[in-house]
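In: dropping the sequence and predicted coords here.
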Amino acid sequence: MARRGSTIILTLLGVIVLCSVAMFVALILLVGRGPSVPSNATLTLRLGGDLAETSPDNVVGYLSGTRTPIVRAIVDNLRKAKVDRRVATVLLKETGFTTPYWGKIQEIRDAILDFKKSGKPIYAYLEYGGDRDYYLATAADKVFMLPSSPLDLTGVATYELFFRGTLDKIGAYPDIHRIGDYKTAANTFTEKTMTRAHREMDESLNRALYDQIVAGIAAGRNKPDAEVRALIDDGPFLADQAKRLGLIDDVAYEDQVEEKLQPGSNKKRVNGEEYATVATSSVGLDRGPRIAVIYASGAIVGGESGFDPLNGSVLGSDTLIEYIRQARRDSSIRAIVLRIDSPGGSAAASDAIWRELMIAKQERANRPIVASMSDLAASGGYYIAMPADAIVAQPATLTGSIGIFGGKFITGGAYEKLGMHIESTSIGKHAEMNSPVRPYNESELKKITEQLDEFYQQFVERAAESRHSTPEKIDRLAQGRVWTGSQARENGLVDELGGLDQAIAVAKARANIDAGSSVEIVPFPGRKSFFQIMSEQLTRSEERSMAGFLAAANLSSAERQALRALRGPLSLFRRGELLALMPMAFLQ
């Protein structure tokens, strides 16, 4: 009787397993078939929230066949729609961007302008008229806006948060040292207000970005720059005011816009998430010689890449080096494009990545390396771009920040205020160099200064070699100063302006691939298997619990930025580690 019961249970378990496998295979096959795109269709692309370079790996995304929208997915949808005869019109539905930067916005705007070369109409519908949303929308043929939404066009502002007063109150002291008057990342902790150099740099960046926004809006709305500047000074606007001033074409609800695009009941639509599953090769794109695109996103740390709930993607040197090795060992790859979206980070980790790229460059002289800069490619992010044969950046990319800082936080006073006392025992003259109880003594400070000087000189010399300049000229551009991509192009730190497609075009030219021919893009990292994603997610319980806490706390974007500024350097890097990290600001 017991044997019979066991047999029944085992049989049932077998049936369940077989059914699960069958359902999984069926789901994969169903997803793999892709959507059915009707003829004369309107492609609706929903744009908003934050923007990322790579999709987060998750089980739901894998099973559903869709992933978190990323910049390249949006650009590829527009590239496909440009040549896909089934797509007649594109509607951009903009719901409000939360990204604090402008480089990725310009990447998408470039793709919209390229799409318009097809002669097909493209319209923008603003559910929220934010500045980034509107700047992007002005590239479209017509701009519609929700009647109840304001056009929040007011200019550019940055906000810097300083913790020095708070640290003084709790008895903590930032014993941090830097090279470069403009290396202001540590100012968040060491100062109570902006230094003269800090303010000068921020004002310069704001002015450059403001000019780019004005130029984009003026070109899109066929207005003189002076008129756009005057209008911005009068903003924000009610929807009807924006229409009367010629900033938008009409005020309407979404269903009314759709009716204008396709009158009647027989509407043919396809949404961006569905269309993203249409292979680029199916419409004749991305075939031919192979070019590797290696994504380098996040703060640079030693070890493996990962995810931090406050800081987002973390770029591990070991992980990126492995991608570079895979690409350079593949003899079919004709060129390498390094796509950088990083504020920098660990100096040592950045140097390790630099070395691997130099090996790849020297190993095959006929295989070019091109750097493509996204929102950020500053400090350590610029350092890893230096081995490239050419550097391409968006006008609004934040780059440069050639400088270094390092040190520690003295927290002994905070413990004392709480009634605690720290004592230590040690052997070795500098064993307590990174003590959290006291500042560096004269001998220890000399050691720190030597390390900072050594890395800064190395940074400047390698930048000079990369840019075919001299250390003296680079030093004048360095000192930790951040530049926009357009400024960096003017001072020689960047070669060309544009996005990833422009970087690929440069790579093709340098690899002697015909400009008119298509190429196959080989991304690193590639898409992971279901079992890899499952394994990684099972080891991320701590990350998930922290992310869950933040979600439960319902923190605003500004509150998370404040936490990031306070926590980031403390959590991602080792005490006393030298940092090639750009300053962080709150951009309006």
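Out: Everything's here; your move.
In: now the residue nearest the centre of the chain: closest residue in space that isn't a chain neighbour?
Out: What sits nearest the mean C-alpha location of the chain, by Cα atoms, centre = their mean, is Asp341, with 4.4 Å. Spatial nearest neighbour of Asp341, chain neighbours left out: Ser374 (3.7 Å); criterion: Cβ to Cβ, 6 or more residues apart in numbering. Quick note: C-beta positions are derived from backbone N, CA and C, even for glycine.
In: assign the one you found to helix, strand or coil.
Out: strand (DSSP: H, G, I helix; E, B strand; the rest coil).
In: what residues does the residue nearest to the centre of the chain make contact with?
Out: Glu53, Tyr295, Ala296, Ser297, Gly298, Met373, Ser374, Asp375, Leu376, Ala377, Gly381 (Cβ atoms under 8 Å, 6 or more residues apart in numbering).
In: now neighbour count too, for those, in CSV please.
Out: Output for the contacts of Asp341, formatted as CSV (neighbours: other Cβ atoms under 10 Å):
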residue, neighbour count
Glu53, 21
Tyr295, 25
Ala296, 28
Ser297, 22
Gly298, 26
Met373, 31
Ser374, 28
Asp375, 28
Leu376, 25
Ala377, 35
Gly381, 34
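In: quick one: which of those is nearest Val519?
Out: Tyr295 (17.1 Å; Cβ to Cβ).
In: tell me where the stretch 101-250 of the chain has strands.
Out: 122-126, 142-145, 158-159, 173-179, 250-251 (DSSP state E, counting those that start in this stretch).
In: got TSV for those strands, with mean neighbour count, mean pLDDT and distance to Leu205 too?
Out: What follows is the strands of the stretch 101-250 of the chain, written out as TSV (neighbours: other Cβ atoms under 10 Å; pLDDT from 0 to 100; distance: least, Cβ to Cβ, whole Å):
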stretch	mean neighbour count	mean pLDDT	distance to Leu205
strand 122-126	24	97	26
strand 142-145	24	98	27
strand 158-159	12	88	7
strand 173-179	20	93	19
strand 250-251	16	97	34
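In: adding distance to Lys260, write these out as TSV.
Out: Supplementary listing: those in TSV, determined by distance: least, Cβ to Cβ, whole Å:
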stretch	distance to Lys260
strand 122-126	8
strand 142-145	8
strand 158-159	38
strand 173-179	56
strand 250-251	8
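In: quick one: Ile333 from Val522, how far?
Out: Applying Cβ to Cβ, to the nearest Å, the value for Ile333 to Val522 is 6 Å.
In: same deal with Leu205?
Out: Taken as Cβ to Cβ, the span from Leu205 to Val522 is 35 Å.
In: ok, now Glu274?
Out: Using Cβ to Cβ, Glu274 is found at 25 Å from Val522.
In: same question, Leu153
Out: Distance from Leu153 to Val522, by Cβ to Cβ: 41 Å.
In: which one's more surrounded, those two?
Out: More neighbours surround Leu153 than the other of Leu153 and Val522, with 23 against 19 (other Cβ atoms under 10 Å).
In: Gly130 versus that one, what's the distance?
Out: Distance from Leu153 to Gly130, by Cβ to Cβ: 9 Å.
In: before we move on, back to that, ok, which of the strands of the stretch 101-250 of the chain comes nearest Leu285?
Out: strand 122-126 (18.3 Å).
In: contacts for that closest one, please.
Out: Contacts for strand 122-126 (Cβ under 8 Å, 6+ apart): 89-94, 112, 115-116, 133-134, 136-146, 149, 151, 248, 252, 254, 257, 261.
In: how does it look with 7 Å?
Out: Around strand 122-126, the neighbours that count as contacts under Cβ atoms under 7 Å, 6 or more residues apart in numbering are 90-94, 112, 115-116, 133-134, 137, 140-146, 149, 254, 257, 261.
In: selecting buried members of those in ChimeraX, what would you type?
Out: Filtering the contacts of strand 122-126 down to the buried ones (16 or more other Cβ atoms under 10 Å) takes a single ChimeraX command:
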select :90,91,92,93,94,112,115,116,133,134,137,140,143,144,145,146,149,257,261
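In: just the ones of the contacts of strand 122-126 in helices?
Out: The helices, defined by DSSP state H, take in Ile112, Phe115, Asp133, Tyr134, Ala137, Glu254, Val257, Leu261 from the contacts of strand 122-126.
In: excluding its backbone neighbours, what's nearest the first one?
Out: Pointing back at Ile112 there. Using Cβ to Cβ, 6+ apart, the nearest residue to Ile112 is Ala139, at 4.1 Å.
In: repeat for the third one
Out: Of all residues not flanking Asp133 in the chain, Glu94 sits nearest, at 4.3 Å (Cβ to Cβ, 6+ apart).
In: what's the separation between that neighbour and Asn434?
Out: Look at Glu94 and Asn434: by Cβ to Cβ, they are 48 Å apart.
In: for Thr193, same thing?
Out: 28 Å.
In: per-residue confidence at the residue nearest to Asp133?
Out: Looking at Glu94, its pLDDT reads 95.
In: I figured it hits Glu127, correct?
Out: Yes: judged on Cβ atoms under 7 Å, Glu94 makes contact with Glu127 at a distance of 6.3 Å.
In: buried stuff in stretch 96-108?
Out: Gly96, Phe97, Thr99, Pro100, Tyr101, Trp102, Gly103, Lys104, Ile105, Gln106, Glu107, Ile108.
In: which one of those is nearest Glu465?
Out: Gly103 (26.0 Å).
In: separation between the residue nearest to Ile112 and Leu113?
Out: Counting by Cβ to Cβ - Ala139 and Leu113 are separated by 5 Å.
In: higher neighbour count, the two?
Out: Neighbour count, other Cβ under 10 Å: between Ala139 and Leu113, Ala139 has more, with 24 against 16.
In: list the contacts of that one.
Out: Ala139 neighbours (Cβ under 7 Å, 6+ apart): Arg109, Ile112, Leu113, Gly220.
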